[in-house]
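Enquirer: let me see the structure of the following:
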Amino acid sequence: MRRTLTFLVGRQAKIARLVGAVGLFAGILLLMFRTPVVWAPYVVLAASLYLLFGMVPVTVAWSMRSQAAAAKEDMQLTLDEEGITLAAPRAESRLSWAGIDRMEETAEVWYAMFGKLQAVPIPKDLMTEAERTTFADFVSRWQAERQSGRSERGNIDRTGESS
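Expert: Just a heads-up that it's a prediction; the model follows:
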């Protein structure tokens, strides 16, 4: 869960990091030119450093603490022709392939994105090499079909024929 939250928050923090970089530059300039308010450059520098380096870890930690107990339990992830199922002892969630906006791949995980701040992680380390290859092929076909607009359901038949 921490990996997914870090991925999602990091994507949304780009503007804050840009503001932090500009603020850092401004704080250094304020220090160099001796402003009338002695403490101002230090406040600007502290806020800028927080935006650059502290905001993502603090937000992820806050988000982890605020998750429901059911979300923190071990979950079983099932991928099938219809979509993704997440099952835990106290809850179950199902997302159809048509409900997924896009798939994003990192070195460790595929993220099934639905919305800007919602994702289902599909960890690669839990798959065999053959399963990873099969799923990567499926994702490639699914993305091609989504981009071409051929699929009304946003689904792909694993036989290679569009549905």
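Enquirer: spit out the contact partners of the nearest residue to residue 40 once chain neighbours are set aside.
Expert: Residue nearest to residue 40 in three dimensions, not counting chain neighbours: residue 30, with 6.0 Å by Cβ to Cβ, 6 or more residues apart in numbering. All C-beta spots, glycine's among them, are computed from the backbone N, C-alpha and C. For residue 30, the contact set (Cβ atoms under 8 Å, 6 or more residues apart in numbering) comprises 40-41, 44.
Enquirer: now the buried members of those.
Expert: The neighbour count (16 or more other Cβ atoms under 10 Å) marks 41, 44 as buried among those.
Enquirer: in TSV, list the contacts of residue 30 along with distance to residue 97 and pLDDT.
Expert: Below are the contacts of residue 30 laid out as TSV (distance: Cβ to Cβ, whole Å; pLDDT from 0 to 100):
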residue	distance to residue 97	pLDDT
40	53	85
41	53	87
44	48	90
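Enquirer: so how far is residue 63 from residue 14?
Expert: 18 Å (Cβ to Cβ, to the nearest Å).
Enquirer: please apply the same query to residue 40.
Expert: The separation that residue 40 has from residue 63, given Cβ to Cβ, amounts to 32 Å.
Enquirer: how about stretch 41-54 as CSV, C-alpha atoms only?
Expert: The C-alpha trace of stretch 41-54 is given here as CSV (Å, rounded to 0.1, in the frame of the first residue of the first chain):
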residue,chain,number,x,y,z
PRO,A,41,14.8,33.9,4.3
TYR,A,42,14.9,31.1,6.8
VAL,A,43,11.1,30.6,6.7
VAL,A,44,11.2,30.6,2.9
LEU,A,45,14.0,28.1,2.9
ALA,A,46,12.3,25.8,5.4
ALA,A,47,9.0,25.8,3.5
SER,A,48,10.8,25.2,0.2
LEU,A,49,12.8,22.3,1.6
TYR,A,50,9.5,20.8,3.0
LEU,A,51,7.9,21.1,-0.4
LEU,A,52,10.9,19.6,-2.1
PHE,A,53,11.7,16.7,0.2
GLY,A,54,9.2,16.4,3.1
